[in-house]
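# Need the 3D shape of this:
(chains A and B)
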Amino acid sequence: MKVFTGVLAIKLRRELWQMRGQVLAIALVIAGGVAVCVMSLVNYSSLNATRSEYYDQYRFADVFAGLKRAPGHVAKRIKSLPGVETADARVEGWAKLEVPGFDDPVTGQLLSLPPSGQPLVNQVFVREGRLPVGERRREVAVIGSFADAHGLAPGDRIGAIINGRRQLLTISGIVESPEFIYVIPPGGMLPDYERYGVLWMNREALAAAMDMKGAFNSLVLTVKSGYPAASVIDALDRLLDRYGATGAYAREDQFSHRFLTDELRQLKTMATVFPLIFMSVAMFLLNVVITRLISTQRDIIAVLKAFGYGNRDIAAHYSQLVLVIAVIGLAIGLALGLWLGQGLAEMYMQYYRFPGLLFRINPGWIALITAITLVVAWLGGWAAIRRAAALPPAEAMRPEGPATYRVSWAEHVLSGIGFSQPSRMIVRQTMRRPLRTFLSMLGVAMATGIIMVGNFQFDSVTLMVHTQFARVQQQDVTVAFIDPVNSAALFGLQRQPGIRYVEGRRMVPARLINEQLEWRTGIAGIPEGARLQHVIDANLKSVELPARGLLLTDFLAQKMAVSPGDVVKVEILEGDRRILSVPVAGVTSEFLGVGAYMSLEGLNRALGEGPVINQVVMNVDPRYADRIYNDLRETPKVLGIAIRQAMLDSFYETLAKTFLTFTFFSSLLGGVIAFGVIYNTVRISLAEKGRELASLRVLGYTHNEIAHILLGEMAILLLLGIPMGWLIGNGLAMLLITAMQTELYRVPLIVTSQTLGVSAATVVVSAVASGAIAWWRLKKLDLVAVLKTRE
Amino acid sequence: MNRELVFQTRGLTKIYDQGEVEVRALRGVDLDLYAGELVVMLGASGSGKSTLLNILGGLDVPTGGEVRYRDVDLSNADDRALTRYRRDHVGFVFQFYNLIPSLTARENVAAVTEIARSPMTPESALDLVGLGNRMDHFPAQLSGGEQQRVAIARAVAKRPEVLLCDEPTGALDSTTGVLVLAALEKANRETGTTTVIITHNASIAGMGDRVITLSDGNISGEQRNLRRQDPTSLTW
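Residues are numbered from 1 along each chain as shown, chains lettered A, B, ... in the order given. Now for the predicted structure:
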């Protein structure tokens, strides 16, 4: 048989053109699945490749360590530790920054650069300008996120209070660093580009400002390949112990890296779950359409067979039909997916500071998607193709027997309703092929579910953020001190005009250990009867702080494999680095971050210290806010200030945009599925019932009355399918949030009536569009022709 | 015989424009049909008899000429008016029955009585065609003759003023066909409905009050039977 030029090929082309509406509808569903898959893969591959390339090229550290102060010669000993490849001993500090024209307090993280410019480890990418070099002491390179937020350019000046002394710094360049791909203030959960920046300064200059001449307080190093980072960390901890080390940690615990890894894992989940749904719907559609098509071509198959075409030829012919549809879908999907993937990756670039985006997709993946799509499509049509091929010619020549109907059980159940005959027809049609009806319903349900999944996330994230900032952290402002202060300082603050209420707390870096399991976190000491700081349980109710023992976030308790009553080892990473054994008193369940909580008094007692705090949370009178911020900025002991409203604003500005984009696309794809399912159902129904409907027209039924029969079936699909879709959507959402649980956040499942409404409305709009087409086609029904032909 | 005029056509033409070929199905037909009569319209295939029936039944509109149903001009009626006309006045019987497979015999008849103005009950319509005991059977459970009798019951149940039958026995063997014709004859006699049966089967001619012959889109002959022959005596 000639595959592309024979008569069968011509037949194929004409038939595809004849049913182009249906072909397109199915192809679009396939395209939807392929597009989501390719989009996620492109995004994943591109971000992954970009990250590893960036890490390699800019020598991102394998191990990080912070310490109080170590003399310069210790660095030499570190470099000679077994397994260490290169090490950079640097000075790190904090500053309060003053940006002209911006009154809010700004925190700056300062890092030293060697006189040569680029360090050996954690090199920086110079986006604009140059690095501070030589003896130019008052030059800094600033991170791109901060420069963009304030419109800073090389040559601009900003003020900085470093170690209590004000300096005027000139920006020499705008840079990015593999250490700060995800730029987030320390201890924060959300980016705030305006109020937090990273600055690189000449080492001499920074050391002078920080009183660190000839010493270092931060260490980043790379490990020889194949050498376990853990043993380097052990050696470092032993060596640096006496220099006030806060414990070395591996790349996996580095904040920016960890966040990015979580994000990439989520992308991978998306790349598998969504395409699965789309492809199963597409497969079902192919099955229904091909089955229908083949049953209308029984006589043609018979004639072909009578002429000597073999079973194999017939099977190949109909397989081609299926595969052509699949290829159309695949092509649209690949193009759309690559385009969306690139767009999405570029959107991600707003949150992830990479020097540039490497656009990558593994050709192997594309080949795999192609293969899967074709196989799945072919399997969808397989049952019908096999039946067609197996048909004996004589039997095929005879028309299919008349359809058999029964009085459906639904009518018995609903016997109270006086069915009109058209309504009875609808019910019996639906009940006659329960499997097909169920699958069509499932298609509608899947579409509803997909749209819901796209929409619920926004509500969930809003709830998450609202809970965090309205229930957990009720303060307007958080002030961090450089060193712990006596809690008596609170009285002074309380008396200042505009400060309505203040509370202290103590944050201590610590390592929690339960046998093999370790977790670096901070322990928060919260005063008894705190009004602004709450820890909450799963029902968002406040949890009473225990007199003794730790409260752990449930996520952390799970990771540490501990439950209330167990005792964990707590290694304090500051001061005398004492090791405590503390019982777990309970678990909490915040949505954002993970934490460990103790009563302030209990924590200080365990540390052998008096009533000290190192953070203050407060509520302020908005009219005095600017003055209070200004005063705090001028206070030497203050390290930084976080303002709730600013965090919320930046959150909604950035994340909300992402979520809305995602929501839009998933609604669009869900709409495409809904349209594909409903349009095909209606078209098949029209093909099957054309004769009956024409008969009714002849008997005097009006166009609208017979449209009722056709569209009534669709209405049943919607009425049952949409609620089913809500259930499926709920399940999918549950699956998704479980898969997306990370240390940074656990998205709560919340489905608002708005989400339900939007998903239903999108599906209904698709249905109305399909219905309109069917309505219009009914209008053109040729009454005479239908009556002249035998069924 | 009552000479009340039901249908009147003058110079009726119908041209089907099939791409590059024009098919002249009717070439100026003048026809009068009277209330209560049973007319058999004979003609070979392609003679235009079905086209004429379709126009009389409001399924199609003529290209030229005039067709009136009592005071109503059907030649220029729109789709809405034709639907109304079919719904209120016409009963159809087709060669291939055109029953709704998802409805039982009773429900198929009810599909019409539900939208009719003063119908008989589906049960009495089915009794009329001798199917009182098969009312709850689906089309797939009935023989061809039984299906056609359901179709007749469906057509007469609304008490139409005209009953139009297009080759009602075309798909049936002669024994079954006779039963169907008997049912039609009985319906015509008992309800007084003007009945037109079109067929290519000349053996049926005897059962009509009048026999009209069509060929090449024109009436080529008309014959009045003095006495209607009992359908049960027909054979072919």
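# Against which helices or strands is whatever helix or strand A:Asn217 lives in packed?
When elements are assigned from DSSP states H and E, A:Asn217 belongs to strand A:215-223. Under the contact criterion of 3 or more Cβ pairs under 8 Å, 6 or more residues apart in numbering or on different chains; DSSP states H and E, strand A:215-223 touches strand A:63-71, helix A:73-79, strand A:84-90, helix A:229-240. C-beta here means a position set from N, CA and C on the backbone, and glycine is covered the same way.
# Could you list the buried residues of it?
Across strand A:215-223, burial judged by 16 or more other Cβ atoms under 10 Å in any protein chain shown covers A:Ala215, A:Phe216, A:Asn217, A:Ser218, A:Leu219, A:Val220, A:Leu221, A:Thr222, A:Val223.
# what does stretch A:256-264 give?
A:Ser256, A:His257, A:Arg258, A:Phe259, A:Leu260, A:Thr261, A:Asp262, A:Glu263.
# ok, the third one to A:Tyr249 distance?
Think A:Arg258. 10 Å (Cβ to Cβ, to the nearest Å).
# do the same with the fifth one
Note on A:Leu260: its distance to A:Tyr249, by Cβ to Cβ, is 16 Å.
# Centre-most residue in chain A?
Centroid-nearest residue in chain A: A:Gln266, 5.6 Å away (criterion: Cα atoms, centre = their mean).
# need the helices for chain B, in chain order.
Counting by DSSP state H, chain B has helices at residues B:49-56, B:79-89, B:105-113, B:122-128, B:144-156, B:174-191.
# Mind checking those helices for the one nearest to A:Glu705?
Closest of the helices of chain B to A:Glu705 is helix B:79-89, at 9.1 Å (criterion: Cβ to Cβ).
# Tell me where the stretch 601-750 of chain A has helices.
A:625-634, A:644-698, A:703-739 (DSSP state H, counting those that start in this stretch).
# out of the ones you listed, nearest to B:Leu163?
helix A:644-698 (13.2 Å).
# quick one: A:Leu749 from chain B, how far?
From A:Leu749 across to chain B, the span is 43 Å (Cβ to the nearest Cβ, to the nearest Å).
# For that residue, give me its contacts.
A:Phe456, A:Ser460, A:Asn730, A:Ala733, A:Met734, A:Ile737 (Cβ atoms under 8 Å, 6 or more residues apart in numbering or on different chains).
# for A:Val535, same thing?
A:Val472, A:Ile526, A:Ser542, A:Val543, A:Leu545, A:Leu551, A:Thr588, A:Glu590, A:Gly595, A:Tyr597.
# Nearest residue to it in space, please, no chain neighbours.
Leaving aside its chain neighbours, A:Val535 sits nearest to A:Thr588 (4.3 Å; criterion: Cβ to Cβ, 6 or more residues apart in numbering or on different chains).
# Which residues does that neighbour form beta bridges with?
Counting by DSSP bridges, A:Thr588 forms beta bridges with A:Thr553.
# does it really touch A:Leu545, like I thought?
No - between A:Thr588 and A:Leu545 there is no contact, the gap being 10.1 Å when judged by Cβ atoms under 8 Å.
# shared neighbours, these two?
A:Val535, A:Leu551, A:Tyr597.
# Remind me which helix or strand the residue in the stretch 1-150 of chain A that chain B sits nearest to belongs to.
Taking Cβ to the nearest Cβ, chain B has its nearest neighbour within the stretch 1-150 of chain A at A:Arg14, 16.7 Å off. Under DSSP H and E, the secondary-structure element containing A:Arg14 is helix A:7-18.
# Break chain A into its domains for me.
Domain segmentation of chain A under automatic domain parsing yields A:1-59+A:257-401, A:62-88+A:212-253, A:92-119+A:126-208, A:433-472+A:645-791, A:499-620.
# quick one, which of these is nearest to A:Ser408?
Here domain A:433-472+A:645-791 is closest among the domains of chain A (Cβ to Cβ), at 9.3 Å.
# helices and strands around the helix holding A:Arg14, which ones?
Short answer (3+ Cβ pairs under 8 Å, 6+ apart): helix A:7-18 packs on helix A:311-348.
# tell me the angle of the helix it packs on relative to helix A:7-18?
Interaxial angle, helix A:311-348 versus helix A:7-18 (axes from the mean of the first three to the mean of the last three Cα atoms, to 10 degrees): 40 degrees.
# helices and strands around helix A:311-348, which ones?
helix A:7-18, helix A:20-57, helix A:255-296, helix A:298-306, helix A:363-390, helix A:644-698.
# so how far is the first one off the chain centroid?
Going by Cα atoms, centre = their mean, to the nearest Å, the spacing between the C-alpha centre of helix A:7-18 and its chain's C-alpha centre is 44 Å.
# buried stuff in it?
In helix A:7-18, counting by 16+ other Cβ under 10 Å, buried: A:Leu8, A:Leu12, A:Leu16.
# One more: the second one?
Using 16+ other Cβ under 10 Å as the test for burial, helix A:20-57 gives A:22-51, A:54-55.
# Need the winner for burial among the helices and strands packed on strand A:215-223.
Each of those was scored by mean neighbour count; the highest is strand A:84-90, a mean of 22, by mean count of other Cβ atoms under 10 Å in any protein chain shown.
# So which residues make contact with the very next helix or strand once past that one?
Where DSSP H and E defines the elements, the next helix or strand beyond strand A:84-90 is strand A:92-99. Residues from elsewhere that reach strand A:92-99, judged by Cβ under 8 Å, 6+ apart: A:66, A:105-112, A:150, A:152, A:158-163, A:197, A:199, A:206, A:209-210, A:212, A:217-218, A:482, A:633, A:638-640.
# what's the following helix or strand after strand A:92-99?
Later in the chain than strand A:92-99, the nearest helix or strand by DSSP H and E is strand A:102-113.
# re the thing from before, with distance to A:Leu285 and pLDDT added, can I get the contacts of A:Val535 in TSV?
Output for these, formatted as TSV (distance: Cβ to Cβ, whole Å; pLDDT from 0 to 100):
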residue	distance to A:Leu285	pLDDT
A:Val472	47	80
A:Ile526	57	93
A:Ser542	51	84
A:Val543	51	84
A:Leu545	57	86
A:Leu551	52	93
A:Thr588	47	89
A:Glu590	44	82
A:Gly595	49	85
A:Tyr597	53	93
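# out of the residues you listed, who has the most neighbours?
If you count neighbours using other Cβ atoms under 10 Å in any protein chain shown, the busiest of those is A:Tyr597, which has 27 neighbours.
# Give the partner strands of the one helix or strand that one maps to in its sheet and their orientations.
Per DSSP H and E, A:Tyr597 falls inside strand A:596-599. Here strand A:596-599 is paired, per DSSP bridges, with strand A:517-526 (parallel), strand A:550-553 (antiparallel).
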